[in-house]
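Asker: here's my sequence, what's the structure:
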Amino acid sequence: MASIMIKKAGEGLVSQAHRNADVGPTSGSSVVYEIQNVPSGVSVDDVIAKFKGYKTAEKVYEIDWAALSA
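Answerer: As a prediction, this is how the structure comes out:
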């Protein structure tokens, strides 16, 4: 199982973040999320696609893959 860091920009663009990025709001208008327990074989693009349809809870920046897949 892996963790993938993604960043959601203020205008809604979702992309991969640097693996050493700190989760939470950035100094700009972006927010970094850590998607945890991603199974092997699941690509970053798959994670981003699932995340785009997911409603994040306020101040929760670590999300389990199972929650995205539900």
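Asker: give the rounded mean pLDDT of stretch 36-55.
Answerer: The average of the pLDDT scores along stretch 36-55 is 94.
Asker: residues of that stretch that come out buried?
Answerer: 38, 42, 46-48, 50-51 (16 or more other CB atoms under 10 Å). Yep, even glycine has a C-beta here, placed from its N, CA and C like the rest.
Asker: so which residues of the protein form helices?
Answerer: With DSSP state H as the criterion, the chain has helices at 44-52, 65-69.
Asker: okay, the ones you listed in JSON lines with distance to residue 8 next?
Answerer: As requested, these are exported to JSON lines (distance: least, CB to CB, whole Å):
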{"stretch": "helix 44-52", "distance to residue 8": "8"}
{"stretch": "helix 65-69", "distance to residue 8": "13"}
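Asker: out of the ones you listed, which is closest to residue 1?
Answerer: helix 65-69 (7.9 Å; CB to CB).
Asker: what's that closest one in contact with?
Answerer: By CB atoms under 8 Å, 6 or more residues apart in numbering, the surrounding residues in contact with helix 65-69 are 1, 35-39, 42, 47, 50-51, 54.
Asker: closest to residue 15 out of the buried residues of stretch 36-55?
Answerer: Among the buried residues of stretch 36-55, residue 48 lies closest to residue 15 (CB to CB), at 7.2 Å.
Asker: tell me which residue of this structure is furthest from the middle?
Answerer: Residue farthest from the centre of the chain, counting by CA atoms, centre = their mean, is residue 27 at 17.4 Å.
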